[in-house]
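# Give me coordinates for this.
(2 chains)
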Amino acid sequence: MAITVRIPTVLRPATGGQAVIEGEGTTIGAVLGRIATDHPGVKPQLFHDDGALHKFLNVYINDDDVRYLGGLEAPVADGDEITLLPAVAGGAV
Amino acid sequence: MTRYASVLDLIGNTPMIDASALSPNPSVKIWVKLEGRNPAGSVKDRVAYSLVAAAEADGRLIPGQPGQTLIEPSSGNTGIALAMVCRLKGYHLKVVLPSNVSPERRQLLEVWGAEIIDSPGSEGSNGAVRKAQQLAAENPAWVFLYQYANPANPLAHYTTTGPEIIADVPEITHFVAGLGTSGTLMGVGRFLKERVPDVKIWAIEPPSGEMVDGLRSLDDGYIPPVFTDNDGAHLLDRRVVVRPKESLEWVRRMSEIGLFVGISSGAILAGAVKCAMTIPEGESAHIVTIACDDGWKYLSTGAWTDDLDDVVERAKRIIYF
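This is a model prediction of the structure:
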């Protein structure tokens, strides 16, 4: 089992068009850090200069927002599915 | 009391139904507050009434004066509720609406005489917000209530929805609701945390960021000012995405107990069920959820009758939340 990272359309130009990337790491910070190293163009879309998650990026581990699971320290395990989604105006509005 | 002078007096005081038959955990009760019972059919009646009342109180709208126009971005329910309130009060309403909402939503806006301005469906609610902001700036005489940033939006829930919940379910341990403008979660959430400090607030959202293919870069993202102004990041305890398939499965499950509710209510119940599964067996809990509207506006999606996979594909292309 691997860690799957789903890349939204808006970030794909920076990942060479890849929609799914295999993740590596035991925390979400490590997984995203690895993606930023492998695809330097995506780094400013994942992190602000101070290393915090980009404010308009929502990151989910198995559909749970990591900001409420310990942020970048949130643990990731084999078999987890990570989804990156841009923050947009929602719903029943 | 069953006699009312105005339809506006019918807003709020909605019923709370025990939906525990759908709970996966026998020690966890699930309660659903039926907001479809509001006169224009959704939880947004509370918000529309509150937005207009606040604008009348601060003089931006003058009751009885002809020729006043409002503009508002909406994917449906706020527009419909505002259309009803504006019809009764004599204001003209323009609603900026993404082109991919269900046809029933468009028709309901027309029932109460609102004028529809289309925004590109591919830009989702973001596109509607942007277009309304632009039109409001070009037409300063129009009143722009801007539900995403107006404190009267969460205030409606702080003063009505929250107190009604505590009155009906004083044992509440969790509140689970949808995250759109964040008005419900911020208003009810703040009220509940003041009264029941240990209550946990869960936000449910659709994976809409995936659908908005008109987004050019992440910097086009949007977080409603209502969320940041109320320190949503600290108020919420958990934020969970529910996929269209799960939403539809749960909207169908709800019909087993007689509840005919909108698709977003299926998503919220799916979230409540996830919440119930996190509670250790034997530990009692009372989860309160909101069913934002009834199912009528979604019949054209085939949500209850067609093959589930077909409906899921269709649901990805319409705005239902």
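
# how far away is the closest residue to B:P120 other than its chain neighbours from B:S99?
Distances taken as C-beta to C-beta, 6 or more residues apart in numbering or on different chains put B:G127 closest to B:P120, at 5.1 Å, once the chain neighbours are dropped. Where C-beta positions appear, they are placed from N, C-alpha and C, glycine not excepted. For B:G127, the distance to B:S99 equals 9 Å [C-beta to C-beta, to the nearest Å].

# and these two? which has more neighbours close in?
Counted by other C-beta atoms under 10 Å in any protein chain shown, B:G127 and B:S99 do not tie: B:G127 has more neighbours, with 24 against 15.

# Need the three-state assignment for that one.
Assigned with DSSP: H, G, I helix; E, B strand; the rest coil, B:G127 falls in the helix class.

# Now do the contacts for the residue nearest to B:P120.
B:98, B:119-121, B:214 (C-beta atoms under 8 Å, 6 or more residues apart in numbering or on different chains).

# in the chain, which spans are strands?
Let's take chain A. With strands called from DSSP state E, chain A shows them at A:3-6, A:20-23, A:57-61, A:64-65, A:81-86.

# was after chain B, sorry
Using DSSP E, strands in chain B cover B:16-18, B:28-34, B:69-73, B:92-98, B:115-119, B:143-144, B:174-178, B:200-205, B:238-241, B:285-291.

# For chain A, which of those is the nearest?
Chain A sits nearest to strand B:238-241 of all the strands of chain B, at 3.7 Å, using C-beta to the nearest C-beta.

# From the rest of the structure, what touches the closest one?
Under the contact criterion C-beta under 8 Å, 6+ apart, strand B:238-241 has outside partners A:60, A:63-65, A:67-68, A:83, A:85, B:179, B:200-207, B:271, B:274-275.

# how about 6 Å then?
A:60, A:63-65, A:68, B:202-205, B:207, B:271 (C-beta atoms under 6 Å, 6 or more residues apart in numbering or on different chains).

# Same question for stretch A:63-76.
In contact with stretch A:63-76 (C-beta under 6 Å, 6+ apart) are residues A:3, A:27-29, A:31, A:59, B:238-241.

# Pick the one among those residues closest to B:K44.
The closest of those to B:K44 turns out to be B:R239 (C-beta to C-beta; 21.3 Å).

# partners of the closest one in the sheet?
With DSSP bridges as the criterion, B:R239 is bridged to B:A203.

# hang on, the earlier thing: mind putting the strands of chain A into CSV with mean neighbour count?
Written out in CSV, the entries for those read as follows (neighbours: other C-beta atoms under 10 Å in any protein chain shown):
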stretch, mean neighbour count
strand A:3-6, 18
strand A:20-23, 16
strand A:57-61, 22
strand A:64-65, 19
strand A:81-86, 22
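
# Please report how far the residue in chain A that chain B sits nearest to lies from B:S102.
Closest residue of chain A to chain B, C-beta to the nearest C-beta: A:F56 (2.7 Å). From A:F56 over to B:S102 the distance is 28 Å, taken as C-beta to C-beta.

# What parts of the stretch 101-250 of chain B come near chain A?
B:124-126, B:129, B:178-181, B:205, B:208-210, B:212-213, B:215, B:218, B:221-223, B:238-241 (C-beta under 6 Å from any C-beta of the partner chain).

# pLDDT weak spots in the chain?
Assuming you mean chain A. A:1, A:90-93 (pLDDT under 70).

# You answered for a different chain; I wanted chain B.
Using pLDDT under 70, chain B drops low at B:1, B:209-214, B:321.
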